[in-house]
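# A predicted structure for the sequence below; I have some questions about it.
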Amino acid sequence: MVNTGMVGHLSATAISAVGLTNRATMVAWALFQAVSTGTTVLVAQSVGSGRRDRARAVASQALLFGTSSVMALALVFAILGSKVLSIFRPEASLLATATGYLRIVVLGMPAVGIMTASGATMRGAGNTRTPMLIAVFVNLVNLAGNSVLIYGKLGFPAMGITGSAISTVTAQWIGAALALMATMGRNSPLGVAWRGPWRFSRRELGQMLEIGLPATGESLFWQAAALILTLFITGFGTEALAAHQLGVQAESLSYMPTAGFGIAATALVGQAIGAGNPRLARRVTRELGMLVALITAFTTGLLLFLPKQILGLLTNDSHVVALGAIYLRLMGTAQIPQQLSGVFTGALRGSGDTRTPMYIAAIGLWGVRLPLAYILAFPLNMGIAGIWTGMTLDLFVRFTLTAIRYRRIPWARGETLEIRNVAPGVD
């Protein structure tokens, strides 16, 4: 959001370039969800059952496999970046700008892989504070670097969007170094050793991927649907794409404050399941849901009543602001269902059910979002607003499906039963 906001005052092309690059690289992070989700669930259940040695083994595999796989993906984007971005059929000037930006930001992808794997490990162990502090510091470094390099200060030339890319990569590698120190330092709750052993373990890696691959499938459904939606949107011009990108970034003011509660649900429910305490799992989910509803009620008001003021912080293009305000008002109506879905999904994952969220994502995105977006935007001539209306209705459908599935879990209904840990090898 910082990058989008700071380049947003350059031009609509700069905004769209950052948006297209993010859309392309998000496919890589969809693949990484297998590592992130599998690590958090296995570490949480291992900690809950008192098997910290098991948690350390999972953490080591997450760092090793996660970093190596992301490096391979970064190489692909570095070589084929222009061809990947061409899929979106952007205007020539936009393609050139986005390609230059992508070739720099791929250098930071391995660093993000390290931060993500370390963060998943720490969250599974119950430490969400350290990843937050690292993220805050990374953003402060990025903000300072953007201020200097984008606009040209302290003797540096004004580098525009290229300066933003350099600042981002620098901040990400600083964050990666801090994440490694937090995961392997003396005060780490798991104590992953610097000396390793750093070799692949078929057992831990297999279990991680078994639990995490459905999350990858879910993310791939998301990214494929987002790619098609982006193709729809680019047909309405660069300003429409910029408005969509800014709207997505501004919407994060609503869902980012509560995104952590979904992660908390995965970690805490996983620990409760590992400890054989279904009552605690139910209580955690209920209380997190109440907190999410309260916080989101406030942030929803911001999207509904102050959309232009929020977007005005990200760009001074009046046409982009006017279009983006339509997006924010539509999304504002679905914020509470969307965020509650995140808590229920986190609880499902913590209990070991990572497949249901994937199925629900497939139904909502491909059965509701894409068909409705196309029909409303083109045959019914609603334009870009039709695409956003289809997206909004999908959120309500997926909330309903997720809530129904959650209520069918025996411990969520208050039934007392013996829970068998889903993490193989944990007694």
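Structure received.
# Residue 220 and residue 30: what is the separation?
Counting by CB to CB, to the nearest Å, the gap from residue 220 to residue 30 is 5 Å. From N, CA and C alone the C-beta is placed, and that goes for glycine too.
# if you count what's nearby, which of the two comes out ahead?
residue 30 (20 against 17; other CB atoms under 10 Å).
# Let me see the contact set for that one.
Each residue near residue 30 by CB atoms under 8 Å, 6 or more residues apart in numbering is listed here: 216, 219, 220, 222, 223.
# now those: which count as buried?
With burial judged by 16 or more other CB atoms under 10 Å, the buried subset of the contacts of residue 30 is 216, 219, 220, 222, 223.
# quick check, nearest of those to residue 21?
Of all the buried ones among the contacts of residue 30, residue 21 sits closest to residue 223, with 13.6 Å by CB to CB.
# Name the helix or strand for residue 155, please.
Here residue 155 sits in a region with no helix or strand, counting by DSSP states H and E.
# What pLDDT is listed against it?
What the model reports for residue 155 is a pLDDT of 81.
# same question, the one 10 residues further on
Listed pLDDT for residue 165 reads 87.
# Could you grab the helix/strand/coil label for it?
helix (DSSP: H, G, I helix; E, B strand; the rest coil).
# follow-up on the earlier one: can I get the contacts of residue 30 in a markdown table including distance to residue 326, secondary structure and pLDDT?
A markdown table is the format used below for those (distance: CB to CB, whole Å; DSSP: H, G, I helix; E, B strand; the rest coil; pLDDT from 0 to 100):
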| residue | distance to residue 326 | secondary structure | pLDDT |
| --- | --- | --- | --- |
| 216 | 33 | helix | 76 |
| 219 | 27 | helix | 77 |
| 220 | 29 | helix | 79 |
| 222 | 22 | helix | 80 |
| 223 | 24 | helix | 76 |
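# quick one: which of those residues is nearest to residue 360?
Nearest to residue 360 among those: residue 222, at 11.5 Å, using CB to CB.
# Helices along the stretch 251-400 of the chain, start to end?
With DSSP state H, counting those that start in this stretch as the criterion, the stretch 251-400 of the chain has helices at 278-305, 307-312, 318-332, 335-350, 355-364, 370-377, 384-407.
# which other helices and strands contact the shortest one?
When you say that, I think you mean helix 307-312. Applying 3 or more CB pairs under 8 Å, 6 or more residues apart in numbering; DSSP states H and E, one finds that helix 307-312 makes contact with helix 238-274, helix 318-332.
# Pull out the buried residues from it.
Buried-residue list, helix 307-312, by 16+ other CB under 10 Å: 307, 310, 311, 312.
# same thing with stretch 225-234?
In stretch 225-234, counting by 16+ other CB under 10 Å, buried: 225, 226, 228, 229, 230, 232, 233, 234.
# one step back: could the buried residues of helix 307-312 be laid out in JSON lines, adding distance to residue 347 and pLDDT?
Formatted as JSON lines, those follow (distance: CB to CB, whole Å; pLDDT from 0 to 100):
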{"residue": "307", "distance to residue 347": "31", "pLDDT": "93"}
{"residue": "310", "distance to residue 347": "31", "pLDDT": "90"}
{"residue": "311", "distance to residue 347": "34", "pLDDT": "90"}
{"residue": "312", "distance to residue 347": "38", "pLDDT": "89"}
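# Least confident of the helices and strands packed on helix 307-312, on average?
helix 238-274 (a mean of 84).
# That helix: how far from the chain's middle?
How far helix 238-274 lies from its chain's middle: 7 Å, per CA atoms, centre = their mean, to the nearest Å.
# Quick check: buried residues in that helix?
238-251, 253-255, 258, 260-274.
# And stretch 96-116, by the same measure?
97-116.
# The residues you listed in helices, which ones?
97-105, 109-116 (DSSP state H).
# Could you find the closest non-adjacent residue to residue 409?
Excluding the flanking residues, the one nearest residue 409 by CB to CB, 6 or more residues apart in numbering is residue 351, at 6.5 Å.
# Wait, residue 228 touches residue 366, no?
No. If you go by CB atoms under 8 Å, residue 228 and residue 366 don't touch, sitting 9.4 Å apart.
# and the buried ones among the contacts of residue 30 as CSV, adding distance to residue 66?
As requested, the buried ones among the contacts of residue 30 are arranged in CSV below (distance: CB to CB, whole Å):
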residue, distance to residue 66
216, 12
219, 14
220, 17
222, 19
223, 18
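# where does the stretch 101-250 of the chain dip in pLDDT?
Scanning the stretch 101-250 of the chain for pLDDT under 70 picks out 185-198.
# Let's see that with 90 instead.
101-110, 112-132, 146-147, 150-165, 168, 180-228, 230-231, 234-243, 245-246, 248-250 (pLDDT under 90).
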